[in-house]
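**Student:** sequence and predicted structure are below.
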Amino acid sequence: MSGHNRWTKIKRKKEAMGASKGALFTKLIREVTVAARTGGGDPDHNARLRSAVLAAREANMPNDTITRAVKKGTGELEGVAYEEMTYEGYGPAGVALVVEVLTDNKNRTAGDVRAIFAKAGGAMGAHGSVAFQFDRKGIVPVKKGPSEDQVVDLALDAGAEDVVADDEGGFEVRTEPAALMQVHKALEGKLPVGAPKMVFLPKSTVQLSGDAAEKVLRLIENLEENDDVQHVYANFEMDEGTIAQLESRA
């Protein structure tokens, strides 16, 4: 079981009780804007924009907000120019982390991210010092409902690499990056799929429990609370006792 996936589930429970929709919308709007800037404003011919728009709709973002974000990306409306950066580092217990950001001030963001790592007892590393421990993959989430056999048959026919059960009764259909949109389009209408996304999947994981797990999760939470941070990926798993403790507090 992926500790980070499980933490994402716990975090969603916390978000449901807090006023975090504004922060989520900010991150989604940035992704839509940058996707439109780099690949054009037509989701049918821009895979990244298609993913970003679907994720925004999943979060119940109003259509006019999405449209404005696209137009800012294509230059039809004035907007902020964001830079894409990827930071790498190590947290407590040697956990490797990859942090994806979209920022309008890379010096500020680099300083903020470095400070968050340092406060947690970790450290940022040079480019390439951590990323080799991860594979870049596409994921199509499949919601609870269909059987594993159904999902596997349809996913493999669509060109997927693998199907993995998640923690909520659904599945992750995993693909090579170039095949993500092809697979998502093939599964739409046949399975209850969510927004496709590009992720970093760890090649191996570090088992965490007790105090080390708490420290790593606090580090991830602090990184994700930074407005410029879009995604955080880590290579850890947690024992069931630690997961139970965290869920009881969420």
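**Tutor:** Structure's in. What do you need?
**Student:** now the residue in the chain sticking out farthest from the centre: phi and psi?
**Tutor:** Computed with C-alpha atoms, centre = their mean, the residue of the chain farthest from its C-alpha average is residue 76, at 28.1 Å. Note on residue 76: its backbone torsions stand at phi -70, psi -30 [degrees, to the nearest 10].
**Student:** adjust the sequence numbering to begin at 725 for everything that follows.
**Tutor:** Got it, the first residue is 725 from now on, which makes the last one we talked about residue 800.
**Student:** wait, what's in contact with it?
**Tutor:** residue 765 (C-beta atoms under 8 Å, 6 or more residues apart in numbering). Heads up, the C-betas are built off the backbone N, CA and C, glycines and all.
**Student:** residue boundaries of the helices in the chain?
**Tutor:** Using DSSP state H, the helices found in the chain span residues 727-741, 745-763, 771-782, 787-798, 830-843, 872-882, 904-911, 934-948, 964-973.
**Student:** tell me how many other residues crowd the nearest residue to residue 879 once chain neighbours are set aside.
**Tutor:** Residue nearest to residue 879 in three dimensions, not counting chain neighbours: residue 897, with 4.5 Å by C-beta to C-beta, 6 or more residues apart in numbering. Neighbours of residue 897 under the rule other C-beta atoms under 10 Å: 27.
**Student:** again with the one 3 residues further on
**Tutor:** Residues contacting residue 900 under the criterion other C-beta under 10 Å number 15.
**Student:** what is the burial count for the residue nearest to it when sequence neighbours are not counted?
**Tutor:** Take residue 900 and drop its neighbours on the chain: the residue closest to it by C-beta to C-beta, 6+ apart is residue 885, 6.3 Å away. Using other C-beta under 10 Å, residue 885 has 14 neighbouring residues.
**Student:** show me what contacts the residue nearest to residue 879?
**Tutor:** Counting by C-beta under 8 Å, 6+ apart, residue 897 makes contact with 863-866, 875, 879, 882, 884, 886-887, 907, 911, 917.
**Student:** dump the helices of the chain into JSON lines; add mean neighbour count as well.
**Tutor:** Below are the helices of the chain laid out as JSON lines (neighbours: other C-beta atoms under 10 Å):
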{"stretch": "helix 727-741", "mean neighbour count": "16"}
{"stretch": "helix 745-763", "mean neighbour count": "19"}
{"stretch": "helix 771-782", "mean neighbour count": "21"}
{"stretch": "helix 787-798", "mean neighbour count": "18"}
{"stretch": "helix 830-843", "mean neighbour count": "16"}
{"stretch": "helix 872-882", "mean neighbour count": "16"}
{"stretch": "helix 904-911", "mean neighbour count": "21"}
{"stretch": "helix 934-948", "mean neighbour count": "19"}
{"stretch": "helix 964-973", "mean neighbour count": "13"}
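**Student:** as a markdown table, those helices with mean pLDDT would be great.
**Tutor:** Listed next are the helices of the chain as a markdown table, based on pLDDT from 0 to 100:
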| stretch | mean pLDDT |
| --- | --- |
| helix 727-741 | 50 |
| helix 745-763 | 92 |
| helix 771-782 | 95 |
| helix 787-798 | 96 |
| helix 830-843 | 96 |
| helix 872-882 | 96 |
| helix 904-911 | 95 |
| helix 934-948 | 90 |
| helix 964-973 | 70 |
